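1. Kindly generate the corresponding structure for this input.
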Amino acid sequence: MSSIPFRFDQVGSLLRPERLKAAREAFKQGTITREALTQVEDEEIIKVIQKQKEIGLQAVTDGEFRRRWWHLDFIAGLKGITVYDFETTAFGLTTEAQGTFVSGPLSFDPAHPFLDHFKFTKKHAGETLAKQTIPGPNMIYLDSFILSKQYHENPVYPDKKDFIQDLITTYQAAIQAFYDAGCRYLQLDDTSWGGLFDERFRGMIAKNGYDPDELIQEFGDITEAVLADKPADLSITFHFCKGNFQSHWLYNGSYDKIAERLLSITQFNGFFLEFDDERSGSFEPLKNIKDQRIVLGLITTKTPELEDKENIKARIKEATQYVPLEQLCLSPQCGFSSTHEGNKVTEEDQWAKLALVVETAQEVWED
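-> Alright, predicted model coming up:
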């Protein structure tokens with residue numbers, strides 16, 4: 001499927017409807033059952049799939065409506081992972097959060113709930129392609145291993161190489177399981193690469209005994225190993241942004257440090273990259289691309305103002321200094337609701353921005 005990623009595409013998460021938020025809170029308070037919550041999730045997912053089709057998207061998601069977090073719900077479903085609660089100020093606001101650490105031998109659970117979640121999306125997508133999003137492997141390597149205080153207090157793997165091999169095997173099994181469930185468009189969301197160019201995170205990594213520059217190579221090696229045996233007709237894309245939590249960001253810095261290694265991973269069909277503001281830096285690092293597609297994240301999900309179509313076209317033209325137009329695509333820079341709280345935009349804003357992506361792309365590209 002060489003046309004994936006599509007000329008107009010999306011990252012995956014969508015704002016949770018108020019009805020779903022209310023049901024989730026009621027379940028948390030113990031006033032409704034898990035079955036009742038699932039029923040609301042099912043109904044709202046069917047509606048949001050239909051809405052994505054109406055706007056003209058060629059690949060639809062479940063909006064990540066069953067998740068609390070864009071990444072932790074998947075990671076928590078793996079064997080050998082423990083989830084814990086804590087309070088964070090990392091995004092510039094104090095909020096409840098959850099973390100994970102490797103607490104036993106890592107492996108993929110064949111009964112992982114995301115498999116049934118995908119089958120539901122695929123069924124209701126009908127003739128439209130269903131896209132599945134999961135966090136990339138280096139999210140676990142960085143957060144649950146390298147930077148994890150809990151892990152270092154009780155290291156499960158005396159040899160790091162054994163952990164890395166289990167991480168690779170876990171993800172290979174996950175990819176095959178989604179493929180067997182009918183998935184043909186999988187996206188790895190992996191913001192951990194941002195920690196390799198953000199000075200504060202580089203300091204934390206070094207303090208824990210790792211060289212962030214060496215990790216750039218290692219992150220790439222792990223990713224390539226994960227993708228080495230992927231089925232030929234499975235399209236896999238990569239998404240990276242610098243953090244997205246209730247319209248706040250996490251990482252600072254440009255793609256320069258990581259671009260050469262990251263964009264050399266030719267098993268990816270394309271890369272969704274954030275370019276919605278000046279923090280993203282110039283398009284110059286894109287000159288490292290091979291023959292994969294680059295999805296320019298030029299429409300922001302962080303603020304409600306609708307972008308100017310002509311400005312977006314001008315930015316696309318600017319990117320063609322480094323990447324041929326036929327290798328470029330367009331999307332928002334991230335999802336609209338990386339966590340169930342959502343960003344500071346309305347559903348009306350969200351659909352207007354997605355419609356703008358579709359309209360702009362149709363005017364820029366003939367295919």
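
2. Pull the contacting residues for L215.
-> Neighbour list for L215: I146, L196, I205 [criterion: Cβ atoms under 8 Å, 6 or more residues apart in numbering]. Where you see a C-beta, it was placed from the backbone N, CA and C, and this is true even at glycine.

3. so it is in which element?
-> helix 212-227 (DSSP states H and E).

4. after that helix comes which helix or strand?
-> Immediately after helix 212-227, counting by DSSP H and E, sits strand 235-240.

5. OK, contacts around the residue minimising distance to the centre of the chain?
-> Centrality entry for the chain: nearest residue to the mean C-alpha point is D189, 2.7 Å, by Cα atoms, centre = their mean. For D189, the contact set (Cβ under 8 Å, 6+ apart) comprises V11, G12, W70, H71, T133, I134, P135, G136, M139, H239, F240.

6. before we move on, what about P17?
-> E44, K47, V48, E347.

7. ok, it to E44 distance?
-> Remark: distance between P17 and E44 (Cβ to Cβ, to the nearest Å) = 5 Å.

8. S337 now?
-> For S337, the distance to E44 - Cβ to Cβ - is 12 Å.

9. of these two, who's got more company?
-> More neighbours surround S337 than the other of S337 and E44, with 24 against 20 (other Cβ atoms under 10 Å).

10. Would you mind finding the longest strand in the chain?
-> strand 95-107 (DSSP state E).

11. Buried residues in that one, which are they?
-> If you call a residue buried by 16 or more other Cβ atoms under 10 Å, then strand 95-107 has these buried ones: A97, Q98, G99, T100, F101, V102, S103, L106, S107.

12. Would you reformat those as JSON lines and include pLDDT and distance to D229?
-> Below are those laid out as JSON lines (pLDDT from 0 to 100; distance: Cβ to Cβ, whole Å):
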{"residue": "A97", "pLDDT": "75", "distance to D229": "35"}
{"residue": "Q98", "pLDDT": "79", "distance to D229": "32"}
{"residue": "G99", "pLDDT": "87", "distance to D229": "31"}
{"residue": "T100", "pLDDT": "93", "distance to D229": "26"}
{"residue": "F101", "pLDDT": "95", "distance to D229": "28"}
{"residue": "V102", "pLDDT": "97", "distance to D229": "23"}
{"residue": "S103", "pLDDT": "97", "distance to D229": "28"}
{"residue": "L106", "pLDDT": "98", "distance to D229": "18"}
{"residue": "S107", "pLDDT": "98", "distance to D229": "17"}
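
13. Can I get the residues you listed in a markdown table including distance to E87?
-> Shown next, in a markdown table, are the buried residues of strand 95-107 (distance: Cβ to Cβ, whole Å):
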| residue | distance to E87 |
| --- | --- |
| A97 | 7 |
| Q98 | 11 |
| G99 | 11 |
| T100 | 16 |
| F101 | 17 |
| V102 | 22 |
| S103 | 21 |
| L106 | 27 |
| S107 | 31 |
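
14. Can you tell me, leaving aside adjacent residues, what's nearest to Q350?
-> F336 (4.9 Å; Cβ to Cβ, 6 or more residues apart in numbering).

15. show me what contacts the nearest residue to I32 once chain neighbours are set aside?
-> Distances taken as Cβ to Cβ, 6+ apart place A26 nearest to I32, at 4.4 Å, with adjacent residues excluded. A26 makes contacts with I32, A36, L37, as judged by Cβ under 8 Å, 6+ apart.

16. Next, the residue nearest to the centre of the chain: phi, psi?
-> phi -90, psi 120 (degrees, to the nearest 10).

17. again, but for L328
-> Dihedral pair for L328: phi -100, psi 150, per degrees, to the nearest 10.

18. Likewise for the one 3 residues further on?
-> The phi/psi pair for S331 (degrees, to the nearest 10) reads phi -160, psi 170.

19. All the strands of this protein, in order from the start?
-> Under DSSP E, the chain gives strands at 59-60, 79-88, 95-107, 129-130, 132-135, 185-189, 235-240, 270-274, 293-299, 328-332.

20. Same list (these) but as JSON lines, adding distance to D166.
-> Output for these, formatted as JSON lines (distance: least, Cβ to Cβ, whole Å):
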{"stretch": "strand 59-60", "distance to D166": "31"}
{"stretch": "strand 79-88", "distance to D166": "8"}
{"stretch": "strand 95-107", "distance to D166": "4"}
{"stretch": "strand 129-130", "distance to D166": "29"}
{"stretch": "strand 132-135", "distance to D166": "16"}
{"stretch": "strand 185-189", "distance to D166": "18"}
{"stretch": "strand 235-240", "distance to D166": "20"}
{"stretch": "strand 270-274", "distance to D166": "26"}
{"stretch": "strand 293-299", "distance to D166": "31"}
{"stretch": "strand 328-332", "distance to D166": "33"}
